[in-house]
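In: Coordinates for the following, if possible.
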Amino acid sequence: MQRRRRRRRRVRRQRLLLILIVLLALAGLTAQIFRFIGNKEESSEPSYRLSNEVEEYRYQVQSIASEYGIEEYTELLLALMMQESSGLGTDVFQSSECGFNTEYPRVPGGITDTEYSIRCGVQEMKYALEQAGVRSPQDLKNIKVALQAYNFGTNGYLQYMEKNGLKEWSRESAEAFAQMASQNTPRTEGDPYLNTAGPWNYGDQRYPEHVLRYYVGLSK
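Out: Below is the predicted model:
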């Protein structure tokens, strides 16, 4: 009888131990699942930040922007630089082809003086902001128009919007202008900009969205 009781107690202990092992295994599996979900969610939300190279130009951009009366748009200008060059190279604002460049070839990357690139870019963006009627760093509706004008060529794009009675930027209007400006030339399947900059072989038809990813003024 005692032997039978001891066997029953031993069986109970074994069952309890087995249940405990199963519960611990399930707990570990659950933790791994939650970690996987958390990592997946975190990786699906890319962090858009100014590069260290762009940050190194902050004081210079702010100083030059102040000279031209648009210091309050420093963050926007830095976001623009980030999109254009990530702060790399000499033509950090990719402003060689803008109308304010009178000293270097008006070809992509033609400017070889970073300060001059910043000056041309700041002046071009100031002109675009004024022509688009931007009232403040939080006026995103008109800032989007100004940014697309900077990318396409300020006067041409703004004249197109006025002619067609357009009051705000949209992908559709940017693509329509690019289609016209490219003379109906689509990007080819092998073009690396096909999926990021729009279907037509002219400029970046998503430019406002791309710049504003880096614009900290959005959170103010």
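In: and after the helix or strand of the chain with the lowest mean pLDDT, which helix or strand comes next?
Out: Ranking every helix and strand in the chain by mean pLDDT, DSSP states H and E puts helix 2-43 at the bottom, with a mean of 54. On the C-terminal side of helix 2-43, the closest following helix or strand by DSSP states H and E is helix 52-55.
In: hey, C-alpha coordinates of that next one in CSV?
Out: The C-alpha trace of helix 52-55 is given here as CSV (Å, rounded to 0.1, in the frame of the first residue of the first chain):
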residue,chain,number,x,y,z
ASN,A,52,25.9,63.9,-40.0
GLU,A,53,27.3,65.5,-43.2
VAL,A,54,24.2,67.7,-43.5
GLU,A,55,24.3,68.6,-39.8
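In: where's that helix relative to the chain centroid, distance-wise?
Out: 15 Å (CA atoms, centre = their mean, to the nearest Å).
In: Give me the contacts around it.
Out: Contacts of helix 52-55 with the rest of the structure, by CB atoms under 8 Å, 6 or more residues apart in numbering, involve 78, 81-82, 86-88. To be clear about C-beta, it is placed using only N, CA and C from the backbone, and glycine gets the same treatment.
In: Distance to Gln94 and neighbour count added to the residues you listed, as CSV?
Out: CSV is the format used below for the contacts of helix 52-55 (distance: CB to CB, whole Å; neighbours: other CB atoms under 10 Å):
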residue, distance to Gln94, neighbour count
Leu78, 14, 23
Met81, 9, 28
Met82, 11, 23
Ser86, 11, 15
Gly87, 12, 19
Leu88, 11, 12
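In: Make TSV out of these and add distance to Gly133 and pLDDT.
Out: Listed next are the contacts of helix 52-55 as TSV, based on distance: CB to CB, whole Å; pLDDT from 0 to 100:
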residue	distance to Gly133	pLDDT
Leu78	22	98
Met81	23	98
Met82	25	97
Ser86	30	95
Gly87	29	96
Leu88	33	96
